[in-house]
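Undergrad: Mind folding the following:
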Amino acid sequence: MSRQVWSSRTVFLLAAIGSAVGLGNLWRFPYIAYKNGGGAFLVPYFVALLTAGIPLLLAEYAMGARSKSGAPHALRHISPKLEWIGWWGIINGFVILTYYTSVMAWSFFYMYKSPGLPWKGDASGYFFNEVLQISEGPMQLGGLVPELVVGTLLTWVVCYFIIRWGTKSVGAVVKWTVPLPYILLFVLLIHGLMRVGSLEGLMYYLTPSWDMLSNPQVWMAAYGQVFFSLSLGFGTMIAYASYIKEKEDLPWQATFAGLANSATEFFAGFVVFAILGALAAITNVNIADVVASGPGLAFVTFPTALAALPFAKVFSMLFFFMLLLLGIDSAFSVLEAGVTAVQDRYPKAKRPSIIAAFMLVGIPISLLFVTKAGLYWLDIVDHWINSYGLVGVGLAQALVISLVVGTRKIKDELNKHTIIPVGLFWEACIWVITPLALFVTILFSLKTEFTVPYEGYPVIALAIGGWGMWSMTIILALLLMKDRIKWLKLGGFLLLVGLILIAQLVSTALAMGLFGGLVLFGGLIYLLVFDYAKKHKWLK
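TA: This is a model prediction of the structure:
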């Protein structure tokens with residue numbers, strides 16, 4: 001059966017932009033920018049975009065177009081030993097999808113309730129007590145929240161029908177779901193700018209604090225924001241690029257998609273701070289007192305602000321409809337990446353059956369995030385999968401391209417049909433800047449992880465939803481690869497996980513002692529076993 005292709009370049013771009021532009025563009029970037037120097041943050045942000053974001057996006061496009069397959073097969077095309085990296089990205093994306101559906105469920109619930117504005121007067125209490133019915137901690141699950149279960153199931157069903165017919169159905173959907181949020185963002189911006197205090201909000205967003213540029217944490221925040229917002233490391237962009245037609249201009253398309261994503265979150269900052277400025281003026285408080293990030297911005301601060309402004313019911317409904325549109329493109333793109341990978345592995349399997357299998361596994365996991373402790377588990381899993389899963393995949397991909405494939409081969413693939421050829425700058429980014437930035441980001445995160453428990457959660461919850469979930473993504477990735485010595489690799493990884501858990505639960509000193517012994521003596525044993533396996537032709 002011939003491989004599907006996008007009907008046009010425009011449809012591919014819309015799908016790629018829709019995947020990259022998600023809820024994080026609206027609720028994460030404005031706060032990160034404000035916290036890390038305001039207008040001055042744009043300097044490290046643009047540097048990160050040009051030296052890590054777009055170069056790695058180019059690499060993912062090239063791998064997909066070159067292999068005409070999803071992430072695992074694309075990595076296996078380079079070397080069978082690298083297939084697990086592709087599966088790691090797919091599994092990371094699938095885990096994210098399982099909790100992303102709960103956020104979509106919140107949006108469905110709020111849009112349905114918008115005509116009554118039930119949160120007016122106490123948006124925080126309504127979100128945490130009425131919607132989430134939040135328990136005292138992650139270990140107190142407290143049962144399911146029925147309304148959110150319905151929203152989660154609805155999200156899975158919508159994703160099923162959007163990707164059921166592949167590029168044909170996805171292409172038909174993104175023609176509407178990608179442009180509409182921009183129209184709604186513009187409408188919300190005008191609504192905010194017409195209110196007293198909005199300009200002060202924009203000044204708060206854009207006023208630069210140049211001294212912040214000397215802080216390494218600001219630069220790490222910029223690289224982290226660029227990497228997370230471009231949907232890198234999921235396998236999505238590799239899958240999408242595998243469906244493009246021959247002789248497409250990959251550098252132009254990757255650059256356009258990258259800039260469109262960044263322009264969206266920059267523009268979203270205007271919308272957010274115009275509304276927050278108006279809220280601060282109405283409530284007679286400082287803008288710093290109403291600034292928030294993440295779910296708190298979308299489901300507490302924004303509902304509070306919109307309820308205090310004219311035409312509250314209409315604009316509240318539009319806002320949550322916009323959240324659904326932003327979220328659904330990202331959700332089904334992650335599922336599509338997984339379906340593409342499985343279809344490459346089992347060409348005779350029917351697409352609807354593969355999607356149904358993903359749902360059969362994913363829905364029960366999603367239910368954890370719509371329990372009364374769901375928000376806690378979402379926070380824990382999200383932190384680990386993003387900080388160590390996606391960044392790990394991105395680092396691995398950069399090293400594979402620079403050390404295994406060679407940047408020249410990828411560069412030749414990119415420059416076949418382009419008006420803006422890549423050159424030495426792109427090679428330098430892939431060889432040095434991208435892996436260095438991602439490696440330092442991981443080190444900074446690890447340093448904090450072993451110093452203070454994340455957000456003060458119980459260690460057992462961090463061990464299960466953090467290191468435990470992260471470990472499972474790699475274990476499953478190793479099991480899915482076609483490699484005769486994968487059990488040896490799996491054993492080595494499980495020893496590493498054991499060390500991490502000892503450090504987290506017992507003693508860091510004990511863990512480091514064991515680490516030294518394992519590296520030295522374990523390394524010798526590994527070499528002996530590897531040599532034995534080679535002699536007995538296990539490695540063929």
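Undergrad: how's this structure carved up into domains?
TA: Listed domain ranges for the chain are 9-449, 461-540 (source: automatic domain parsing).
Undergrad: residues near A16, how many?
TA: Neighbour count for A16, taken as other C-beta atoms under 10 Å: 31. Where you see a C-beta, it was placed from the backbone N, CA and C, and this is true even at glycine.
Undergrad: thinking it is in contact with G258, fair?
TA: No. If you go by C-beta atoms under 8 Å, A16 and G258 don't touch, sitting 9.4 Å apart.
Undergrad: sec struct for S2, please.
TA: Of the three states, S2 takes coil according to DSSP: H, G, I helix; E, B strand; the rest coil.
Undergrad: next one: the one 5 residues further on
TA: What three-state DSSP gives for S7 is coil.
Undergrad: nearest residue to it other than its sequence neighbours?
TA: In space, and not counting its chain neighbours, S7 is closest to G171: 5.3 Å by C-beta to C-beta, 6 or more residues apart in numbering.
Undergrad: Following element in sequence after the helix or strand hosting the one you found, please.
TA: For G171, the element it lies in under DSSP states H and E is helix 167-177. Tracing the chain past helix 167-177, the next element assigned as helix or strand by DSSP H and E is helix 179-193.
Undergrad: Could you list the buried residues of that following helix?
TA: 181-182, 184-185, 187-189, 191-193 (16 or more other C-beta atoms under 10 Å).
Undergrad: what's the answer for stretch 119-135, then?
TA: Quick answer for stretch 119-135 (16+ other C-beta under 10 Å): 119, 123, 126-128, 130-135.
Undergrad: Can you lay out those as TSV showing pLDDT, distance to L399 and secondary structure?
TA: What follows is the buried residues of stretch 119-135, written out as TSV (pLDDT from 0 to 100; distance: C-beta to C-beta, whole Å; DSSP: H, G, I helix; E, B strand; the rest coil):
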residue	pLDDT	distance to L399	secondary structure
W119	94	47	coil
A123	88	45	helix
Y126	95	47	helix
F127	95	42	helix
F128	95	42	helix
E130	94	48	helix
V131	96	43	helix
L132	96	40	coil
Q133	96	45	coil
I134	95	41	coil
S135	95	42	coil
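Undergrad: Throw these into JSON lines and include distance to W88, thanks.
TA: Converted to JSON lines, those look like this (distance: C-beta to C-beta, whole Å):
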{"residue": "W119", "distance to W88": "40"}
{"residue": "A123", "distance to W88": "39"}
{"residue": "Y126", "distance to W88": "39"}
{"residue": "F127", "distance to W88": "34"}
{"residue": "F128", "distance to W88": "34"}
{"residue": "E130", "distance to W88": "38"}
{"residue": "V131", "distance to W88": "34"}
{"residue": "L132", "distance to W88": "31"}
{"residue": "Q133", "distance to W88": "35"}
{"residue": "I134", "distance to W88": "32"}
{"residue": "S135", "distance to W88": "32"}
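Undergrad: Show me which of those residues is closest to V405.
TA: Nearest to V405 among these: L132, at 45.8 Å, using C-beta to C-beta.
Undergrad: need the contact list for the nearest residue to that closest one once chain neighbours are set aside.
TA: Distances taken as C-beta to C-beta, 6+ apart place L375 nearest to L132, at 5.6 Å, with adjacent residues excluded. Going by C-beta atoms under 8 Å, 6 or more residues apart in numbering, L375 touches 132, 134, 295.
Undergrad: Would you mind confirming that the last one is in contact with Y110?
TA: No. Under the criterion of C-beta under 8 Å, P295 lies out of contact with Y110, with a separation of 11.2 Å.
Undergrad: Settle it for me: which of these two has more neighbours?
TA: Y110 (26 against 18).
Undergrad: Could you measure from that one over to L324?
TA: 10 Å (C-beta to C-beta, to the nearest Å).
Undergrad: Likewise for L528?
TA: 56 Å.
Undergrad: Looking at the two, which one has more neighbours?
TA: Applying other C-beta under 10 Å to L528 and L324 shows that L324 carries more neighbours, namely 21 against 10.
Undergrad: ok, how many other residues are close to the nearest residue to that one once chain neighbours are set aside?
TA: Once flanking residues are discounted, L324 sits nearest to S107: 4.9 Å by C-beta to C-beta, 6+ apart. Neighbourhood size, S107 [other C-beta under 10 Å]: 24.
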